[in-house]
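S.K.: Dropping a prediction and its sequence here:
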Amino acid sequence: MITPIFMLALMMTPAMLARIFSATTGNLRDTRAAGSIGLGLLFAFTASGHFIQTESMALMLPTWVPGRVSLVYATGLLEIAIAVAFWLPAYRKYAGWAAAVVLVAFFPANIYAALERVPFGGHAWGPVYLWIRAPVQIAILAWVVWCSIAPGRKLPVDAARGN
């Protein structure tokens, strides 16, 4: 249960620290860039699961999927590439699009795992765990869009402050 909270904190903390720093010092920091750094941390963390819990993650895929273990390793490498791209300003938008595609593409595996009650990471809750993972994945996707895909769009709080 703590993992989704940790993931959201990992993702959002750099942006919150940038916002606090900006508010307390008057030295404006780019909260979206900081948010992208958090996304890099998040994707590096989730990539580690592909190498630490490979067999458990392979169980999240239907048995008819060929090369499930190899696919888990490959997607782990993909997540590492996305993480690194989030840390490089010139590649953040590409990272955002890649992350959005990955989040949407991986979602069916999460649904399958929940419905099949795959005991991943100690979460043998079945569909109940999906109700936790689905909103987290939607929040991550929204953060990706805000930080890297649509950085020119301002949130109402940013527009009010002139950021």
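M.R.: Received the coordinates, thanks. Residues are numbered from 1 along each chain as shown.

S.K.: what are the ranges of the helices in this structure?
M.R.: 2-25, 31-52, 54-58, 68-87, 92-115, 127-144, 156-161 (DSSP state H).

S.K.: buried ones in the second one?
M.R.: Buried positions in helix 31-52, judged by neighbour count with 16 or more other CB atoms under 10 Å: 31-47, 49-50. No exception for glycine: its C-beta is placed from N, CA and C like everyone else's.

S.K.: mind putting the helices of the chain in CSV, mean pLDDT included?
M.R.: Output for those, formatted as CSV (pLDDT from 0 to 100):
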stretch, mean pLDDT
helix 2-25, 91
helix 31-52, 96
helix 54-58, 90
helix 68-87, 98
helix 92-115, 92
helix 127-144, 85
helix 156-161, 48
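
S.K.: Distance to residue 150 added to those, as CSV?
M.R.: Output for those, formatted as CSV (distance: least, CB to CB, whole Å):
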stretch, distance to residue 150
helix 2-25, 15
helix 31-52, 9
helix 54-58, 30
helix 68-87, 15
helix 92-115, 9
helix 127-144, 10
helix 156-161, 12
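
S.K.: Please identify the deepest-packed of these.
M.R.: Ranked by mean neighbour count, the helices of the chain are led by helix 31-52 with a mean of 21 (mean count of other CB atoms under 10 Å).

S.K.: Would you quantify the distance from residue 15 to residue 143?
M.R.: Relative to residue 143, residue 15 is positioned 8 Å away (CB to CB, to the nearest Å).

S.K.: swap in residue 33?
M.R.: 13 Å.

S.K.: and what of residue 81?
M.R.: 19 Å.

S.K.: what about stretch 44-63, start to end distance?
M.R.: 27 Å (CA to CA, to the nearest Å).

S.K.: And that stretch, how far out from the chain middle?
M.R.: 15 Å (CA atoms, centre = their mean, to the nearest Å).
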